[in-house]
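Novice: Kindly return the folded structure for what I paste below:
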Amino acid sequence: MQVVTPETLTDAHVGFDNVIKRGITMGNWVMVVDDEDMNLKVAGKILSDNDMRVTALKSGRKMLEYIKENGTPDLILLDIKMPEMDGFETLSVLRKYEKELGMTETPVIFLTSDGSKDSELKGFREGVADYISKPFKPDVLLIRVNNIITMQTSLVHLKEEATIDKLTGLLNKEAVNVEFSQMCTSRTGCLIVADIDDFQKINDIYDEATGDKVLAGFAEILKNTFPLGSRIGRIGGDKFVIFARGITEEKDVEEFSGKLNESIVEKTKDILKKEEIPIGVSMGAIMVPKLGNDYQSLLKLAERTLRVVKKKKKHGSMVYTTITMYEEDKGKITPDMKEITEIIGEHNIENVAMQLDLEAFSFAYRFATRYFVRNNRNYCKVLFTLKKTGKINNKKYRTSTDDFGFYLRGVLRKSDILTRSRFNQYFVLLTDIDEEYVNGLIERVLSKWDNDYDFSLNINYEVEYVKNDGSADANMVGANIVVIDNDEKSVKIAKNILGEHGSAVTSFSSGSDFLNHVQTMEMIPDLIIMDIKLPGLSGFDVMYKLKQMEGPISQVPVILMTEDKDGKTEAKGLKRGAVDFIIKPLQPEILQARVDHVFQLLILKKKYEK
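Specialist: Predicted coordinates:
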């Protein structure tokens, strides 16, 4: 066995991997990270002499770079005290990288000459597997390394038994439900359901063993097709689900579809030695979180899209839109009210508050606030923010934040609704509650949590009580506002300010874009805010075309924006029907004040027209 000498060491990395090049079959792969040459030499010799593959690196930064290029080892021995990045910082970055890619955490043993209790406690809180003191004692080093590797191997085996589909090596249906729910709430990407077309013919003409070979081959194709960090599972006989990480464009889905269809045809030829089966792949997809982040809801929409694909054009793909729904409904009997109620209704209303994902909550919140304002009902908003103390590690902290959500559902009323706005924040809407009872309710909620649970969380909260005395109107809460401007800065200001006050803001970069969409918009806007100087059609031109249209769109009030301060432009706009003018660059306070003013005028107009 070759031993590395200090002369062979570089700042980049020290390689004991040369034994692999000589054709020697090695056992477990251990990575040693230490800035001292002698420690690397000693640890490397002890481990490699015991048939372990060893890679030695001289800094945490180099370790992270090496892992990104070559993958993770079975075990890392990591020195705590190193220049540039110490062991704790290196471990933290490693865990973030593993989490982003959905990888199993690599066990880490800290190497230290510091025997302090505080350092050791901190390491275990951060999730290290063990500590080894320096200078090394060969027998201690070997025993601790072997124990950790044996334990990790056992855990991985048990996890695979519980989560991996034996035929394909992909996630099984139970594991998919867990992992994809997490991916959909924390990642941007595309959820895809893929189905092998005419697969049953293979089982019918040949046998199930041949069909199994095709399924296993298709699983390998899936693994080699989608981006790093994607997750793939098998949820039925020949049905697979993929979370394609970072994919946001329909053209990318079409590209994957082409690759999969080409590859499965070639794979099936190799297995069957014939070309008589018209095999292919159909895919239904939906973008995340564009249309929500609840996995089960998204899965149903992706499966619905898949049915349209198989009906219209096998061996292809489609991304879900509202058009997909209409296509699938063609030719079906129109359901009556009872049937629709059965589909969308809550059959068994539990005695708990309703928790919704952020996308669904936003619609419920807008409806509720409109209802409260219209009917002069008061309501209260509460934002709970959970922060960890030094008493718990990150893993326990995450678990505790999950538990707090379950706790809130149980302790609040069934008429209240809540959402998880961030992993450590819950936004609650308390309905029909008097202001004098709010603080008492929150104190009881927190007191019961402290008494019944011991998770050492610091819980902060913000309260905003909203009184509706009839001076406002539903149009001012949850208003639907369109902003037309090719100035990204102005659009951003408008979205931030108006969005903070509960309005839904949609933007267009030109008047032509807006006019092209106006006939298909699901909701007529309550207000249009538009720059005069636009590419193509001017703001005045757009106003003229809107006035010529039939229906409510012609009556939507328009606020014009301009950089001109001479007064002539403003006079021209008002003569043509604009309800107000705003001078650019936008000032947030002025923007909100003018929008509020316009809505107040509209309210009075509606009031006196009745």
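Novice: Break down the stretch 401-550 of the chain into its strands, ranges please.
Specialist: Using DSSP state E, counting those that start in this stretch, the strands assigned to the stretch 401-550 of the chain run over residues 417-422, 425-431, 457-466, 480-484, 504-508, 527-531.
Novice: any chance of those in CSV, plus distance to Lys584, mean pLDDT and mean neighbour count?
Specialist: All C-beta atoms are positioned from the backbone trio N, CA, C, and that covers glycine. CSV is the format used below for the strands of the stretch 401-550 of the chain (distance: least, CB to CB, whole Å; pLDDT from 0 to 100; neighbours: other CB atoms under 10 Å):
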stretch, distance to Lys584, mean pLDDT, mean neighbour count
strand 417-422, 32, 86, 18
strand 425-431, 33, 91, 20
strand 457-466, 31, 88, 14
strand 480-484, 12, 91, 22
strand 504-508, 15, 89, 19
strand 527-531, 7, 93, 25
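Novice: which SS state does Met561 fall under?
Specialist: Classification of Met561 using DSSP: H, G, I helix; E, B strand; the rest coil returns strand.
Novice: With the one 3 residues further on instead?
Specialist: Using three-state DSSP, the secondary structure recorded for Asp564 is coil.
Novice: residues contacting it?
Specialist: Ile532, Glu570 (CB atoms under 8 Å, 6 or more residues apart in numbering).
Novice: For it, give me the backbone phi and psi.
Specialist: phi -70, psi 130 (degrees, to the nearest 10).
Novice: With just CA atoms, put stretch 550-570 into PDB.
Specialist: Output of stretch 550-570 as PDB, limited to C-alpha atoms (Å, rounded to 0.1, in the frame of the first residue of the first chain):
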ATOM      1  CA  GLU A 550     -68.400  46.600 -25.300                       C
ATOM      2  CA  GLY A 551     -69.100  45.500 -21.700                       C
ATOM      3  CA  PRO A 552     -67.700  46.500 -18.300                       C
ATOM      4  CA  ILE A 553     -64.100  46.900 -19.500                       C
ATOM      5  CA  SER A 554     -65.000  50.200 -21.200                       C
ATOM      6  CA  GLN A 555     -66.000  51.600 -17.800                       C
ATOM      7  CA  VAL A 556     -62.800  50.600 -15.800                       C
ATOM      8  CA  PRO A 557     -61.200  53.800 -14.300                       C
ATOM      9  CA  VAL A 558     -57.700  54.700 -15.600                       C
ATOM     10  CA  ILE A 559     -55.000  56.500 -13.800                       C
ATOM     11  CA  LEU A 560     -52.300  57.800 -16.100                       C
ATOM     12  CA  MET A 561     -48.600  58.100 -15.300                       C
ATOM     13  CA  THR A 562     -46.200  60.700 -16.900                       C
ATOM     14  CA  GLU A 563     -42.900  62.300 -16.500                       C
ATOM     15  CA  ASP A 564     -44.200  65.500 -18.100                       C
ATOM     16  CA  LYS A 565     -44.800  68.300 -15.600                       C
ATOM     17  CA  ASP A 566     -46.000  71.000 -18.000                       C
ATOM     18  CA  GLY A 567     -49.700  70.400 -17.300                       C
ATOM     19  CA  LYS A 568     -50.600  70.100 -21.000                       C
ATOM     20  CA  THR A 569     -50.300  66.300 -20.900                       C
ATOM     21  CA  GLU A 570     -52.400  66.100 -17.700                       C
END
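Novice: mind checking how far that stretch is from the chain centre?
Specialist: 39 Å (CA atoms, centre = their mean, to the nearest Å).
Novice: does Ser507 really touch Asn486, like I thought?
Specialist: No. The pair Ser507 / Asn486 is not scored as a contact, 9.8 Å apart, by CB atoms under 8 Å.
Novice: Not counting sequence-adjacent ones, nearest residue to Thr431?
Specialist: Closest residue in space to Thr431, ignoring its immediate chain neighbours: Ser415 at 5.0 Å, by CB to CB, 6 or more residues apart in numbering.
Novice: Tell me, how many residues neighbour that neighbour?
Specialist: Per other CB atoms under 10 Å, the neighbour tally for Ser415 reads 12.
Novice: same question, Lys290
Specialist: When neighbours are defined as other CB under 10 Å, Lys290 has 13 of them.
Novice: and it, what does it touch?
Specialist: Counting by CB under 8 Å, 6+ apart, Lys290 touches Thr248.
Novice: part of a helix, is it?
Specialist: No. Per three-state DSSP, Lys290 lies outside any helix segment and is coil.
Novice: What does it show for phi and psi?
Specialist: phi -50, psi -40.
Novice: quick one: pLDDT of it?
Specialist: At Lys290, the predicted lDDT confidence score is 78.
Novice: Just the helices from the stretch 401-550 of the chain, written as ranges.
Specialist: 435-452, 488-500, 511-518, 539-548 (DSSP state H, counting those that start in this stretch).
Novice: One more: the stretch 1-150 of the chain?
Specialist: Counting by DSSP H, counting those that start in this stretch, the helices of the stretch 1-150 of the chain are 18-21, 37-48, 60-70, 87-100, 117-125, 138-163.
Novice: Of those helices, flag the one that's most buried.
Specialist: Counting by mean count of other CB atoms under 10 Å, helix 37-48 has the highest mean neighbour count of the helices of the stretch 1-150 of the chain, with a mean of 20.
Novice: So which helix or strand of this structure has the lowest pLDDT on average?
Specialist: Using mean pLDDT, DSSP states H and E, helix 18-21 stands out as the lowest-scoring helix or strand of the chain, at a mean of 33.
Novice: got the contact list for the residue nearest to Gln425 when sequence neighbours are not counted?
Specialist: Distances taken as CB to CB, 6+ apart put Thr385 closest to Gln425, at 5.2 Å, once the chain neighbours are dropped. Taking CB under 8 Å, 6+ apart, we find Thr385 in contact with Asn424, Gln425, Ile459, Asn460, Tyr461, Glu462.
Novice: Does Thr385 belong to a helix, a strand or coil?
Specialist: Using three-state DSSP, the secondary structure recorded for Thr385 is strand.
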